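> quick one, fold the following:
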Amino acid sequence: MQTYERETDEVLVRLYEEGNDAAFDVLLARHQQKLFAYIISLVRDEDKANDLFQEVFIKAITRIRSHKYVESGRFLQWLMRIAHNLIIDLFRHEQTYNFVSADEQGSTLINSMSLSDASAEHRIVNEQTYADLQEMICRLPQPQQEVVRMRIYENRSFKEIAAMTNCSINTALGRMHYAVNNLRRMAAQCDLTLMDD
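The predicted structure follows:
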């Protein structure tokens with residue numbers, strides 16, 4: 001019986017895509033500890049972590065078998081990204097239904113978790129998303145990086161950006177447009193869900 005422990009993740013993914021279940025068993029054994037540790041560190045609930053862990057691998061299996069996995073040489077990071085998105089979905093779902101009663105009637109407006117300070121888990125996820133966004137911005141062409149940083153982080157108008165970069169307003173707008181499209185493409189390739197808040 002052939003063993004695959006010495007094969008790279010990429011080879012194992014390809015073998016599994018072709019129907020070799022033993023290759024996936026090796027991938028699972030190789031990455032389950034780090035992936036579960038990542039999930040439990042954020043959700044801090046073993047039952048939820050187990051459910052999310054299984055859901056990550058169900059999504060991974062589905063994507064690989066349907067030939068939707070894009071080889072990037074970072075299989076573990078891809079799994080972490082799936083977990084990251086599932087955790088965000090979980091936190092959003094919990095915030096929708098998690099109310100703390102401040103009075104007999106339990107007013108949802110006053111008691112909504114969305115009006116309270118962000119939980120530690122939510123902050124961690126936001127920080128990770130911010131770090132991921134920063135990394136993607138650094139991969140943009142320099143003129144696009146410049147416009148994104150001025151517009152988003154310095155809150156400058158396109159007129160100001162055009163003056164500061166010695167270009168027309170249309171050029172500044174065009175660079176922002178291309179930057180947003182490039183960021184969306186990179187986010188999709190990484191399965192990144194950018195937070196709305």
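
> Tyr4 belongs to a helix?
No: the assignment for Tyr4, made by DSSP: H, G, I helix; E, B strand; the rest coil, is coil rather than a helix.

> OK, contacts around it?
11-12, 15, 22-23, 26 (CB atoms under 8 Å, 6 or more residues apart in numbering). From N, CA and C alone the C-beta is placed, and that goes for glycine too.

> got those as a markdown table, with neighbour count columns?
A markdown table is the format used below for the contacts of Tyr4 (neighbours: other CB atoms under 10 Å):
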| residue | neighbour count |
| --- | --- |
| Val11 | 13 |
| Leu12 | 23 |
| Leu15 | 19 |
| Ala22 | 13 |
| Ala23 | 22 |
| Val26 | 20 |
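
> closest to Arg184 out of those?
Nearest to Arg184 among the contacts of Tyr4, counting by CB to CB, is Leu12 at 29.7 Å.

> shouldn't that closest one be in contact with Phe24?
Yes: counting by CB atoms under 8 Å, Phe24 is a contact partner of Leu12 at 7.2 Å.

> which one is Arg65 nearest to, not counting chain neighbours?
Residue nearest to Arg65 in three dimensions, not counting chain neighbours: Glu17, with 6.7 Å by CB to CB, 6 or more residues apart in numbering.

> I figured the one you found hits Arg63, correct?
No: in this structure Glu17 lies outside contact range of Arg63 using CB under 8 Å: 9.8 Å.

> please parse the protein into its domains.
The record's domain parsing of the chain by automatic domain parsing lists 1-116, 117-197.

> average pLDDT for the first one, rounded please.
When pLDDT is averaged over domain 1-116, the result is 81.

> what number of residues lie near Met80?
Burial measure for Met80: 20 neighbouring residues, criterion other CB atoms under 10 Å.

> next SSE after the helix or strand harbouring Tyr16?
Using DSSP states H and E, Tyr16 maps to helix 9-17. Going down the chain from helix 9-17, the next helix or strand is helix 21-43, by DSSP H and E.

> with only the CA atoms kept, save that next one in PDB.
Below are the C-alpha coordinates for helix 21-43, written out as PDB (Å, rounded to 0.1, in the frame of the first residue of the first chain):
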ATOM      1  CA  ASP A  21      -9.000   9.400  -0.800                       C
ATOM      2  CA  ALA A  22      -5.800   8.300   1.000                       C
ATOM      3  CA  ALA A  23      -4.100  11.600  -0.200                       C
ATOM      4  CA  PHE A  24      -6.800  13.600   1.600                       C
ATOM      5  CA  ASP A  25      -6.300  11.600   4.800                       C
ATOM      6  CA  VAL A  26      -2.600  12.700   4.800                       C
ATOM      7  CA  LEU A  27      -3.700  16.300   4.300                       C
ATOM      8  CA  LEU A  28      -6.100  16.100   7.200                       C
ATOM      9  CA  ALA A  29      -3.600  14.500   9.500                       C
ATOM     10  CA  ARG A  30      -0.900  17.100   8.500                       C
ATOM     11  CA  HIS A  31      -3.000  20.200   9.200                       C
ATOM     12  CA  GLN A  32      -5.800  19.300  11.700                       C
ATOM     13  CA  GLN A  33      -3.900  20.300  14.800                       C
ATOM     14  CA  LYS A  34      -3.000  23.800  13.600                       C
ATOM     15  CA  LEU A  35      -6.400  24.400  12.100                       C
ATOM     16  CA  PHE A  36      -8.300  23.300  15.200                       C
ATOM     17  CA  ALA A  37      -6.000  25.400  17.400                       C
ATOM     18  CA  TYR A  38      -6.700  28.400  15.300                       C
ATOM     19  CA  ILE A  39     -10.500  27.900  15.400                       C
ATOM     20  CA  ILE A  40     -10.600  27.200  19.200                       C
ATOM     21  CA  SER A  41      -8.500  30.200  19.900                       C
ATOM     22  CA  LEU A  42     -11.100  32.400  18.400                       C
ATOM     23  CA  VAL A  43     -14.400  30.800  19.300                       C
END
